[in-house]
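Asks: heads up, no residue letters with this:
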């Protein structure tokens, strides 16, 4: 029997000068809480959540608080029953008090769950997407916590839709291996970029084959209109342009603002308001029809996603496996989305490493929704070189990952160079 | 000019043997994260959040992460502009990343905001309720962050309802001074109590003048029915009995369960499902009409409260000033509730000290809703003796607090006896 012998969390702080690209948060640093599990037989599992914040130490403490759920436990028990393991975290009454199922502790649960997934996939010798896509319908259903979901989707509903996708799994996996997974980009459109950078990056993006460009909006209407005109002139009428408002608006003001941008034919408006505001998203969607609404990168759990779907509040779901409680809760959201026939666009985790999201987007295509319709995965120019197994994009498509695990390993050199010892008090 | 010179957070762990009463969480300890601010002229402000968890250290680190917003700052600036101060915390882009407005960090913001309120009220020489109730309409409106609320309530709406309550403020304050604030209790009904304890505590509660009794339900239907029959036989048909399900149900199962308890004439069912599930609460409410729905003790911010009201999902709002971002966000919720004409029953903070909630319930009566209709404040038998200014109940009514501040000071002896040095790793 093998046991989890080491649980080691690192507070990574990479200074801003190291950032290769603009971002929505102008004062962002480049940080991550990084967890390594090691078994007594030398196997590893790693996971991280990127933050743009200076307070990654709070996340590190929250992750460490979960060590008792993993340390010294039988690896087969934990990694062999990831449904049960994730439920044991989510249902713990003392941890629920500090949430429930939201905020720092929920993000921390995601990191721990994802590290165990990485360990499980490495032990199986498979990349995550392949491990998931080889599971039986019952195994996949058992990964999900259906608590608080059953009036929207039952385990039987989930099994039904997974059964339906079963016959096509092999063919779709084959097609992904041949074609890759379609990619879009948000790099040209950060608010921090001057106009000439916007134009240059947009030209490069189109030349590189990216099939959609996202632009930040919402700070200044005249500025938004000028930039969108410039971008539309640059890329022509055929490239879809998505708008991202970064939670900047209330319902009424946001609806008016979006109408003022309608002439630029946005393919959607993302995060128009608070991620908690299901009814607000629904109201904005009604107000700006036919412009579509996307949201989800800051939505914290399956219960809020369920309501976004029930309330007809969204056209595109953008969930983040480092915001919800890891891969298991992502699968719950993939099932919900397929059940309501709403396309998913998993968000690059945290400040933008799409490596883990790629595995989940591929699994959605192969085994859950069975379609690529309306699907693409955002690419960001973050320092992918920090990762041992970086995602590769060629001709506007992600190459299929082949290394075992979740592509979540950061180079030792980066870890030791930017590791900050956690401490109490002021940053 | 006076400055905040000390920001000291304590991890209090009081072992379970010290608990005088049952609780919904069977494995609960009795803990709190306790913050003391001290100015360079020796003035103090304190606040705490009780938890039932073993991981109060995560809260302590989150509170410490907020020290830079307070330490070394001009006291007049911070305590003299509590609206601006609370918005500076809620709007900080790096802290939003770790929420936004939810979970451990949001609770931590509440503690810091409440400590500054305590400091402000002590400097003014007034108990919190009196300080708030003496504010002008504009001053109260300025305390609130209306971000994400304006399609439901605008600052003008809020000012209108505060204006309406203005003429009656003095008379209502006088009446509270004479009569106290009505009290109810949840002590008899904890699931941990054997039947004879339930009966004895219920008899004592009625004799003590408590006007409502809350009972935990939801683990076993036959048990619920037996206990409710016993309780109804004990207290007679006139004492309202409220049920508390502690988030135990999904929508369908919960609705059926509640119908099975209808014959005991419950005055409401509290927390039937996840606090995030606005639409779930609304569906349950429709399913069990005319039984009323209460919720809110675990609802994390004004945006979710807004939706509960918009969706006609609740009949009674139970918000907790140590779950939302402190007194300022509580005032936002009080204004929303008054605007939608839904009664509020502020929840004793954390695991049950009602001292702070009393101040806010009184302020609601005096200056916001202007009514006691449907209002009561729960009393719990927690060790009020730990507090320097404990709340007192006589003849089923809370006595009006007269000491300056928020009644949030814990005796030094308790602090030093149960103080645990925070550390990393396992609990």
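Replies: Everything's here; your move. This structure is a prediction, so every number in the text was calculated from the model and none was measured.
Asks: In contact with residue A:62: list those residues for me.
Replies: Going by CB atoms under 8 Å, 6 or more residues apart in numbering or on different chains, residue A:62 touches A:104, A:105, A:107, A:108, B:58, B:104. (C-beta placed from N, C-alpha, C; glycine too.)
Asks: Look up how far residue A:48 lies from the residue lying closest to it once chain neighbours are set aside.
Replies: The shortest distance from residue A:62 to any residue other than its chain neighbours is 3.7 Å, reached at residue A:108 (CB to CB, 6 or more residues apart in numbering or on different chains). Plainly put, residue A:108 is 12 Å away from residue A:48 if you go by CB to CB, to the nearest Å.
Asks: overlap in contacts of these two?
Replies: Common contacts of residue A:108 and residue A:48 (CB under 8 Å, 6+ apart): residue A:33.
Asks: Can you report phi and psi for residue A:140?
Replies: Dihedral pair for residue A:140: phi -70, psi -40, per degrees, to the nearest 10.
Asks: Enumerate every residue touching the residue nearest to it when sequence neighbours are not counted.
Replies: Leaving out its chain neighbours, the residue that sits closest to residue A:140 by CB to CB, 6+ apart is residue A:162, at 5.7 Å. Residues near residue A:162 by CB under 8 Å, 6+ apart: A:137, A:140, A:141, A:335, A:367, A:368.
Asks: Go ahead and confirm the second one touches residue A:134.
Replies: No: counting by CB atoms under 8 Å, residue A:140 stays clear of residue A:134, with 10.2 Å between them.
Asks: Tell me which of those two has more neighbours.
Replies: Counted by other CB atoms under 10 Å in any protein chain shown, residue A:140 and residue A:134 do not tie: residue A:140 has more neighbours, with 21 against 14.
Asks: Enumerate every residue touching the more buried one.
Replies: Contacts here follow CB under 8 Å, 6+ apart; on that basis residue A:140 touches A:132, A:158, A:162, A:331, A:367.
Asks: Distance check, the third one against chain B.
Replies: Read that as residue A:162. Counting by CB to the nearest CB, to the nearest Å, the gap from residue A:162 to chain B is 21 Å.
Asks: And the helices in the stretch 151-300 of chain A?
Replies: A:155-165, A:169-179, A:195-207, A:221-235, A:251-259, A:278-288 (DSSP state H, counting those that start in this stretch).
Asks: what bits of chain A have low per-residue confidence?
Replies: For chain A, applying pLDDT under 70 flags the ranges A:16-29, A:53, A:421-427.
Asks: can you do 90?
Replies: Across chain A, residues meeting the criterion (pLDDT under 90) sit at A:1, A:13-31, A:50-57, A:93-94, A:97, A:192, A:211, A:348-353, A:380-386, A:418-427.
Asks: Which residue would be the closest one in it to chain B?
Replies: Nearest residue of chain A to chain B, counting by CB to the nearest CB: residue A:103, 1.0 Å away.
Asks: That residue contacts residue B:106, correct?
Replies: Yes: if you go by CB under 8 Å, residue A:103 and residue B:106 touch, sitting 6.4 Å apart.
Asks: tell me, what's touching those two both at once?
Replies: B:99, B:300.
Asks: how about the residues of the stretch 201-350 of chain A near chain B?
Replies: Residues of the stretch 201-350 of chain A found near chain B (CB under 8 Å from any CB of the partner chain) are A:247, A:250-253, A:273-280, A:283, A:298, A:300-301, A:303-304, A:306-307, A:310-311.
Asks: now those: which count as buried?
Replies: A:247, A:250-251, A:273-280, A:283, A:298, A:300-301, A:303-304, A:306-307, A:310-311 (16 or more other CB atoms under 10 Å in any protein chain shown).
Asks: So which of these are in strands?
Replies: Using DSSP state E, no member of these sits in strands.
Asks: What's the separation between residue A:297 and residue B:91?
Replies: Taking CB to CB as the measure, residue A:297 falls 19 Å from residue B:91.
Asks: Comparing these two, which shows the higher neighbour count?
Replies: Shown here are residue A:297 and residue B:91; by other CB under 10 Å, residue A:297 has more neighbours (24 against 13).
Asks: List the contacts of that one.
Replies: By CB under 8 Å, 6+ apart, the contact set of residue A:297 is A:270, A:271, A:275, A:318, A:319, A:320, A:323, A:347.
Asks: Could you dump those residues into TSV and include distance to residue A:127?
Replies: TSV is the format used below for the contacts of residue A:297 (distance: CB to CB, whole Å):
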residue	distance to residue A:127
A:270	28
A:271	30
A:275	30
A:318	23
A:319	20
A:320	20
A:323	22
A:347	20
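Asks: So which of these sit within strands?
Replies: residue A:270.
Asks: burial of residue A:229, as a residue count?
Replies: Neighbour count of residue A:229, defined by other CB under 10 Å: 12.
Asks: Skipping adjacent residues, who's closest to it in space?
Replies: Leaving out its chain neighbours, the residue that sits closest to residue A:229 by CB to CB, 6+ apart is residue A:264, at 7.1 Å.
Asks: any idea how far the one you found lies from residue A:226?
Replies: Applying CB to CB to residue A:264 and residue A:226 gives a distance of 11 Å.
Asks: now the strands: where do they sit in chain A?
Replies: For chain A, applying DSSP E gives strands covering A:4-14, A:30-39, A:44-51, A:181-189, A:213-216, A:241-244, A:266-270, A:293-295, A:316-317, A:377-379, A:393-394, A:397-398, A:419-420.
Asks: can you state the direction angle for the first one and strand A:44-51?
Replies: In other words, strand A:4-14. Orientation note: strand A:4-14 sits at an angle of 30 degrees relative to strand A:44-51 (axes from the mean of the first three to the mean of the last three CA atoms, to 10 degrees).
Asks: what angle separates strand A:4-14 from strand A:30-39?
Replies: Angle, strand A:4-14 to strand A:30-39, by the same axes, to 10 degrees: 170 degrees.
Asks: what comes into contact with strand A:4-14?
Replies: Here strand A:4-14 makes contact (CB under 8 Å, 6+ apart) with A:29-40, A:48, A:56-57, A:60, A:63-64, A:67, A:70-73, A:75, A:78, A:383, A:410, A:414-415, A:418-422.
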